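# Need the 3D shape of this:
(4 chains)
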Number of protein chains: 2
Amino acid sequence: MTLSRSVQDYLKAVLELAGADGVASTGDLAQRLGVAAPSVTGMVRRLAAARPALLVYAKHRGARLTPLGRRRALEIVRHHRLIELFLFEILGVPWDEVHDEAERLEHAISEPLEARMAERLGHPAVDPHGHPIPSLDGRMLRRHLTPLDRLEVGQAARIAQVSDHDPALLRHLGQLGLTPGREIRLIERAPFGGPLTLEVGGEARRLGPETAAWLQVALLPAEPKAAT
Amino acid sequence: MTLSRSVQDYLKAVLELAGADGVASTGDLAQRLGVAAPSVTGMVRRLAAARPALLVYAKHRGARLTPLGRRRALEIVRHHRLIELFLFEILGVPWDEVHDEAERLEHAISEPLEARMAERLGHPAVDPHGHPIPSLDGRMLRRHLTPLDRLEVGQAARIAQVSDHDPALLRHLGQLGLTPGREIRLIERAPFGGPLTLEVGGEARRLGPETAAWLQVALLPAEPKAAT
DNA sequence: TGGCCTCATTAGGCAAGCCTAATTAGGAAC
DNA sequence: GTTCCTAATTAGGCTTGCCTAATGAGGCCA
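Here you go, the predicted model:
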């Protein structure tokens, strides 16, 4: 009942790519996993035929996780995010490097070791990029978030999470001080898709709208300085 | 030029099983790696045929590491032992559990991460079982050691290293206080292969000779209490 | 030197994961 | 309803790493 590295990667990808209906297309999976499309079809069929099944699959309409598959996928995400936070907090690995490192370590860590790490970190709820860490029973923090580029002018917000797909983006955001937990306010939005101007820690920062779309924020009431 | 997990395991096994002539037999490798003998023959041929070669192999006379193969094997051993020490020191994992955990993690850690761990640990020379940690350039502490069961009666010694092949043995030794760095003295040796009686931290401890053979010690001059 | 026993090798096969090239199904547009 | 484009699937094949069964080489002992 031990899942291979590849199988774990497929399950995680389905979880992360699934839309509102829980379905991920084989094409998207192929792109995300960096393999050819027929490889995905083959694997997805195997995982749906497995007993007990990890995926539900019907030709030409993508794959969906079974409850068991979802449980397994969440375990891997939990490993990944705990490892990211551990590397960041305990070893001082920069936040733009933790993802790739965790991508390999997540398959090699045992449950007892994971438990030790979680305890050492105080059973944290989010990773360094602000993504929620699933609990042991598969629950995770659910928040009401807005993409930063949708913010209204004058609106204050707290940065909740940033995409970790590109290390260069993370380095850039780090330099601007745009890290999870930080309070910001949208000062101005240049017309015709121009840059946003943000107040970040008392400084004005400019950010392209495509870049801003990679950040998710939680809205704050009118005067943020009043409430913590 | 990236080595698969299996290849890494084979190289490490050759390094660890090689006798004075540097040769490891295919049979010993099969046993150590938990695979059938023909699997070893096949892999060993592949690694000897690879360009650049990692092994030297001649039919019916076992395998030997090339300089490159040895370098690679030492890298893996370095990973393994640093991880063991890290788990032990930083995460408090018991010394009888660190080996299995490191066995998986050693293949998943990057060089930069390893460097961070080494620095965090103060560039240590030995792992929790007393085994030397190879340096980045492949050198390692070389000591003059004696198997504990060969000690002469009355001789004082310091425990240098213990075998980590069996967790139960490690738990037992831990309870007796027989850990690397500890000073001991052989009080008595029962005749006909009977147990050894040791002085350990002021207490008398009994140990079977087969068990004692799993420990290696460094001899100490007559009065150990005088020299710290 | 021959016989025998052990260990190693060859022969043949299987599963997992991947690939490219060729075919087919779905769905949008007319 | 047909057409056509795109996305997905089938067909066929490769490598890695393992297996069992059958054969062969080495070395020891008489």
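# C-alpha only now, for contacts and for neighbours.
Will do.
# Touching stretch A:141-160 from outside, list them.
With contact meaning C-alpha atoms under 8 Å, 6 or more residues apart in numbering or on different chains, stretch A:141-160 is reached by A:125, A:130-134, A:178-189, A:196, A:209-210, A:212-224.
# Would you mind measuring the gap between the ends of it?
End-to-end distance for stretch A:141-160: 12 Å, by C-alpha to C-alpha, to the nearest Å.
# Which residues belonging to it are considered buried?
Across stretch A:141-160, burial judged by 16 or more other C-alpha atoms under 10 Å in any protein chain shown covers A:145, A:146, A:147, A:148, A:149, A:151, A:155, A:156, A:157, A:158, A:159, A:160.
# Let me know the helix or strand that the nearest residue to the third one once chain neighbours are set aside is in.
Computed as C-alpha to C-alpha, 6 or more residues apart in numbering or on different chains, the closest residue to residue A:147 that is not its neighbour in sequence is residue A:216, at 4.4 Å. Following DSSP states H and E, the helix or strand that holds residue A:216 is strand A:215-219.
# middle-most residue in chain A, spatially?
residue A:131 (4.9 Å; C-alpha atoms, centre = their mean).
# what's that one in contact with, if anything?
Contacts for residue A:131 (C-alpha under 8 Å, 6+ apart) come out as A:81, A:160, A:161, A:162.
# who's in contact with stretch A:162-170?
In this structure, residues lying in contact with stretch A:162-170 by C-alpha under 8 Å, 6+ apart are A:95, A:96, A:97, A:99, A:129, A:130, A:131, A:179, A:180, A:214, A:215, A:216.
# Among these, which are located in strands?
Here DSSP state E is the test, and the contacts of stretch A:162-170 give A:215, A:216 as lying in strands.
# Dump the contacts of stretch A:162-170 into a markdown table; add distance to residue A:68 and pLDDT as well.
What follows is those, written out as a markdown table (distance: C-alpha to C-alpha, whole Å; pLDDT from 0 to 100):
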| residue | distance to residue A:68 | pLDDT |
| --- | --- | --- |
| A:95 | 31 | 96 |
| A:96 | 32 | 97 |
| A:97 | 31 | 97 |
| A:99 | 25 | 97 |
| A:129 | 27 | 98 |
| A:130 | 26 | 97 |
| A:131 | 22 | 98 |
| A:179 | 34 | 97 |
| A:180 | 32 | 97 |
| A:214 | 30 | 96 |
| A:215 | 31 | 97 |
| A:216 | 29 | 97 |
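# and the contacts of stretch A:162-170 as a markdown table, adding distance to residue B:54?
As requested, the contacts of stretch A:162-170 are exported to a markdown table (distance: C-alpha to C-alpha, whole Å):
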| residue | distance to residue B:54 |
| --- | --- |
| A:95 | 36 |
| A:96 | 34 |
| A:97 | 31 |
| A:99 | 32 |
| A:129 | 41 |
| A:130 | 44 |
| A:131 | 43 |
| A:179 | 46 |
| A:180 | 47 |
| A:214 | 45 |
| A:215 | 47 |
| A:216 | 49 |
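# hang on, residue A:79 packs against residue A:114?
Yes. The pair residue A:79 and residue A:114 passes the contact test of C-alpha atoms under 8 Å, sitting 6.9 Å apart.
# just the residues of chain A that are near DNA strand D, which are they?
With C-alpha under 7 Å from any atom of the strand as the criterion, chain A comes near DNA strand D at residues A:25-28, A:37-38, A:40-42, A:58-62.
# where along chain A do the strands fall?
Under DSSP E, chain A gives strands at A:23-24, A:55-57, A:63-65, A:146-147, A:156-162, A:183-189, A:196-200, A:203-207, A:215-219.
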